[in-house]
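1. Structure of the sequence below:
(3 chains)
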Amino acid sequence: MVIDAKQYDFQALNEQIRAAEGDVTVENCMGHRFIAAGASGRTITINGVPGNALGCYLNCATVVVNGNAQDAVGDTMNDGRIVIHGDAGDAVGYAMRGGQIYVRGNVGYRAGIHMKAYKDKVPAVIIGGHAGSFLGEYQAGGIIIVLGIDCPDDRVIGEFCGTGVHGGRIFIRAHEIKRALPPQVRCEVATDEDLASVRDYIRQYETCFSRKIPDDGKRLFVLSPNSANPYKKMYAVN
Amino acid sequence: MAINYIYPEFEVVRNADRCTACRVCALQCANGVHTYADGVMISDERKCVACHRCVALCPTRALKIVKSDHTFRPNGNWSGQAIEEIYRQAETGGVLLSSMGNPTSLPVYWDKILINASQVTNPPIDPLREPMETRVFLGKKPNGMRRNPDGTLDTRMSPQLELKVPILFSAMSYGSISYNAHASLAQAAAELGTYYNTGEGGLHEDFYQYGANTIVQVASGRFGVHPDYLEAGAAIEIKMGQGAKPGIGGHLPGAKISEDVSETRMIPQGTDAISPAPHHDIYSIEDLRQLVYSLKEATAYRKPIIVKVAAVHNIAAIASGIARSGADVIAIDGFRGGTGAAPTRVRDNVGIPIELALAAVDQRLRDEGIRNEVSLVIGGSVRNSADVVKAVALGADAVYIGTSALIALGCHLCRSCQTGLCNWGIATQRPDLVKRLDPDVGRQRLVNLVSAWNHEIQELMGGMGINSIESMRGNRLMLRGVGLNQTELDIFGIKHAGA
Amino acid sequence: MLQKEGKVRIPSGCAISGVFAKDGRRIPGDLVARSMTTMHERSNGLGGGFAGYGIYPEYKDLYALHVFYDGSDAKAECEKFLDSHFEVVNLSKIPTRKTPAIKDPPLIWRYFVTPIHNKLKDSHLDEKEFVARCVINLNHNYKGTYVFSSGKNMGVFKAVGYPEDVGEFYRLDEYAGYCWTAHGRYPTNTPGWWGGAHPFAMLDYSIVHNGEISSYDANRRYIEMFGYHCDLLTDTEVITYIFDYLLRKQGATLEQAAHIVAAPFWSTIERKQGREREELKYLRNAFSGMLITGPFSIILGFEGGMMALNDRLKLRSMVVGEKDRTVYVASEECAIRMMEPDVENVYAPRGGEPVIVRLHEGVKC
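-> Next comes the predicted model:
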């Protein structure tokens, strides 16, 4: 079913989407918020610019955006997949607990902040270009991959990457990690085992966007937490 | 060995004539105060937190805990506590960590406000014989009458929470308190026709059955938040802040993340559960509107959204912003509110008394003509039914109780929750301690407490000649201040007693 | 020093009485004044008053403003305001009769006015709202001025004194109308201010009321959200504003208004079925700030009708009777018998059950 968003505000549009059976294509999307909030079992394709909190609490639906997305894509997402054929704004995948977000281009500040994982629920955010500062802040689980395609090493991540991490892993493709990392973060070159664990995501990225990872001599680094209890020694019982 | 600068705060007094060395005290004390050696019981008083578990269970009443009269040289400025806190920090380099509500002697305004009663000019009402209504609905109220095309009244309303009593159990996460404590709260809420609150730790699958009496919380850590969780509750609460620690996040140490807690929070066992200070999708008031509406969209506008904030200096303006953000209910937590753990300096110095915050917020929302946009629930040390009546008369729709509920479950306010060794089975995840709290007993004690308060509320209302709680809401003429200065009276919108 | 009404809240007990000719027959004002004499014991001489409807047929399209002035300065200020907002078609002192029991009257003036066309247009308000705001403004902001009646083809007459003396003072025998309500006051303080007497009126709504309500401040703080100022701190004032808000601004029916201010108990609502239950629940929940608790019996007068209502526990006495197309309401049956010795069907309405009477269809007054 095709819905022309031009005639609706966000509430009316989302009401239409909830009421529609099966897959939905939204045309002329222009800042409509909360599209696919908590949605399950369908594909929602968006032509235009969806508003903030696209796919928040997404359950097991697929959301495809032909264009850029704004802030808070996949906020507290539970399952399913979001594919952005462009860039995404700040706080992509905030507190995400499952599913995958693929962004063809770049993401803003605080991507993957407070992602978490539990047993077989391992969320993943795959970013083609570069990410802003505070990438993976407080990360408690899950996988963030920044591919750095056509992007110099000093741009691929910003400042304070992984502050307060206590779980999960961040993969960064670069010649070298040029940014200072906080003390909670351990940085190593990915092992074969690490590579094997993310190969599927990278392949999916290439398929989604019909785009090859260039052969530019970059290596994959993996950032992981030093401790599951980063603040243990901070307190004195009073 | 380094010198220990700190002398124990309490003395364990054991009456040798009564003690039979039965060792119940040793078995009961998770802090390890009591040990049996060579036929006698001995005490390591440094470990005592004055939780009274041993006292309560000693079969011969051989034990009592007294405050040590050991003293520093008296000093009006440097109290013994102030000196000892410096010793603690000099030794560890740590941030002082405390639990439960602010224990300092800052003013308790509830105790400086008195309630009216009818004499002659209108009649008091006897609640034992006449109807006395304490039912409350929380949620947006329309700002006028709408009609259907056929002229009949359009009776549709935003989603409402119906409470048989004006009291809810406030947010306490599974993790900060035990499974049995949660079971007691959930069952009591169901029996009382009110609600308990999951706190930010998710909802254990065993408790989904109490969903109709559950408020599910979404905090900055988003633990255990997923579509089924949002659907499970009767309402969703966004936690922006907590009275005991405004402006900072939460931190449940990995030691408290047991297998069950890890499953409920959906994080690995043993890792810290860290809630950031802000929601990272809310850096401004318009972002709050975004989170409120994202939750409404995810639940198809069927659930009221509560926004909980700590009482801070600018609370009236903040509440006005929240009321305009689409929230259905504002919950305000005062600076005496409890916590499982908070930095001592934050707990004791940040935030303002709930009484003043409530008065300021209710008046501000009325001045702006938006009081109907939201219901107002307050918490942060509501200790008895008179506090409830005063809160409602100042303008609250209902109150949250946390500490009072825990005390009903056996908490002795030893303020040591952060150790996870609660001897009463409340603030602990250790299975042998948790099982000390029987959920059936706990449920009954909570039901007893709230039912008793409700009777007292009815008595106080009847005395004022009011037979429905909505006629008491915001009825500040029923309150008078004692020992308050003019600024305080002006904020409360009440007169001094005698005036 | 004793504080004036409005500076301090003064609880009072009272007697009320009302008469309504459904056929529009014009009843002289002294009839209802006489009815109050039998209830003399219910007042204490500190306030009495009347509202008459259909009494100004010659000016029936004009707002009749009755105003108390403390002195000529206040009068000059007020008239400046009136001249800039209204066309004043007629003005005069309200005629009074020297009555020994009525002491220290203020200046009492009456103006028949209509809003200046351009002023009204520029205000983007409907005519009644324009007039209401002018009255609220004068009473709130103009010291020494008190507009105590502002409806069309109706008028309030009140003073400090026993109601029968007040009727004599205002020469009520010279007025006639299809409806009269009366009030004798028993305040627990002696403010000695005429504005504090009842009825209280806003536009054509007037209220006489008996009993001290316990919900006062909850009601006041609610209704003040909608632009009203409760300057007198009296129950009657806040009740009048609630009815003005519900009936005029929200278009509620009288029954709906009654179901808000004297809402049935939840247990009663739960016993109802279907649409009725849904509507009662909605009204009570949505407008709970206007629930009035504590004892009250009120008579609401309005253009073309009258409603009598008791609180839901029926803590005040009120009886109703009828004879020859005329309905009588009073705190005590004797007051009705005084007006109509042969009154029929005398009964006491149940708590929260509104008694509504209107002019017969087609009757013009």
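
2. Could you measure from the closest residue to B:Ala341 other than its chain neighbours over to B:Val350?
-> Once flanking residues are discounted, B:Ala341 sits nearest to B:Gln418: 3.9 Å by Cβ to Cβ, 6 or more residues apart in numbering or on different chains. (Glycine included, C-beta is placed from N, CA and C.) Note on B:Gln418: its distance to B:Val350, by Cβ to Cβ, to the nearest Å, is 18 Å.

3. Kindly report the same for C:Tyr328.
-> The gap separating C:Tyr328 from B:Val350 is 66 Å, by Cβ to Cβ.

4. The helix or strand of chain A with the lowest mean pLDDT packs against which elements?
-> One helix or strand of chain A scores below all others by mean pLDDT, DSSP states H and E: strand A:235-237, with a mean of 85. Here strand A:235-237 touches helix B:80-92, strand B:95-98, going by 3 or more Cβ pairs under 8 Å, 6 or more residues apart in numbering or on different chains; DSSP states H and E.

5. Pull out the buried positions in it.
-> A:235-236 (16 or more other Cβ atoms under 10 Å in any protein chain shown).

6. Please apply the same query to stretch B:53-68.
-> B:53-55, B:58, B:62-63, B:65.

7. Can you mark which positions in stretch C:113-123 are buried?
-> Buried residues in stretch C:113-123 (16+ other Cβ under 10 Å): C:113-115, C:120.

8. Repeat that for stretch C:41-59.
-> Buried-residue list, stretch C:41-59, by 16+ other Cβ under 10 Å: C:42-56, C:59.

9. Are it and chain B in contact anywhere?
-> No. Applying Cβ under 8 Å from any Cβ of the partner chain, one finds stretch C:41-59 separated from chain B by no less than 12.7 Å.

10. go on, stretch A:166-181?
-> Yes. Stretch A:166-181 lies within reach of chain B by Cβ under 8 Å from any Cβ, at A:166-167.

11. tell me how far that stretch is from the chain's mean position?
-> 15 Å (Cα atoms, centre = their mean, to the nearest Å).

12. residues contacting the nearest residue to A:Thr62 once chain neighbours are set aside?
-> With Cβ to Cβ, 6+ apart as the criterion, A:Thr62 has its nearest non-adjacent residue at 4.4 Å, and that residue is A:Thr43. Contacts for A:Thr43 (Cβ atoms under 8 Å, 6 or more residues apart in numbering or on different chains) come out as A:23-24, A:61-64.

13. Which of these ranks first by neighbour count?
-> A:Val63 (27 neighbours; other Cβ atoms under 10 Å in any protein chain shown).

14. need the contact list for A:Phe34.
-> Applying Cβ under 8 Å, 6+ apart to A:Phe34 gives the contacts A:10, A:14, A:51-54, A:56, B:293-294, B:297-298.

15. helix, strand or coil for it?
-> coil (DSSP: H, G, I helix; E, B strand; the rest coil).

16. Does the residue nearest to B:Ala341 touch B:Gly340 like I think?
-> Yes. B:Gln418 lies in contact with B:Gly340 (Cβ atoms under 8 Å); the separation is 6.7 Å.

17. what residues are shared contacts of these two?
-> B:Ser99.

18. In contact with B:Ser320, which residues are there?
-> Listed by Cβ under 8 Å, 6+ apart, the contact set of B:Ser320 reads B:364-365, B:368, B:370.

19. Try it again at 7 Å.
-> B:364-365, B:368 (Cβ atoms under 7 Å, 6 or more residues apart in numbering or on different chains).

20. Compare those and tell me which has the most neighbours.
-> Neighbour max across these (other Cβ under 10 Å) = B:Leu365, 23 neighbours.

21. Quick check: phi and psi at the closest residue to it other than its chain neighbours.
-> Leaving out its chain neighbours, the residue that sits closest to B:Leu365 by Cβ to Cβ, 6+ apart is B:Arg371, at 4.2 Å. Torsion angles at B:Arg371 (phi, psi; degrees, to the nearest 10) stand at phi -60, psi -30.

22. Would you confirm that B:Arg371 contacts C:Met225?
-> Yes. Because the distance of 6.2 Å satisfies Cβ atoms under 7 Å, B:Arg371 is recorded as touching C:Met225.

23. Could you point out the bridge partners of C:Tyr205 in the sheet?
-> Per DSSP bridges, the residues bridged to C:Tyr205 are C:Met202.

24. wait, isn't it in contact with C:Thr240?
-> Yes. C:Tyr205 lies in contact with C:Thr240 (Cβ under 7 Å); the separation is 5.9 Å.

25. Can you name the residue of chain A nearest chain C?
-> Using Cβ to the nearest Cβ, A:Gln11 is the residue of chain A that sits closest to chain C, at 21.8 Å.

26. Now do that residue, the pLDDT please.
-> On pLDDT, A:Gln11 comes in at 94.

27. So which bits of the stretch 151-300 of chain B are right by chain C?
-> B:153, B:155, B:157, B:160 (Cβ under 7 Å from any Cβ of the partner chain).

28. how about a cut-off of 10 Å?
-> B:151-157, B:160, B:162, B:164 (Cβ under 10 Å from any Cβ of the partner chain).

29. for chain A, which spans come out with low pLDDT?
-> Across chain A, the ranges flagged by pLDDT under 70 are A:232.

30. Repeat the analysis, applying 50 as the threshold.
-> Applying pLDDT under 50 to chain A flags no residue at all.

31. And stretch B:404-423, how far out from the chain middle?
-> The answer for stretch B:404-423 is 13 Å, by Cα atoms, centre = their mean.
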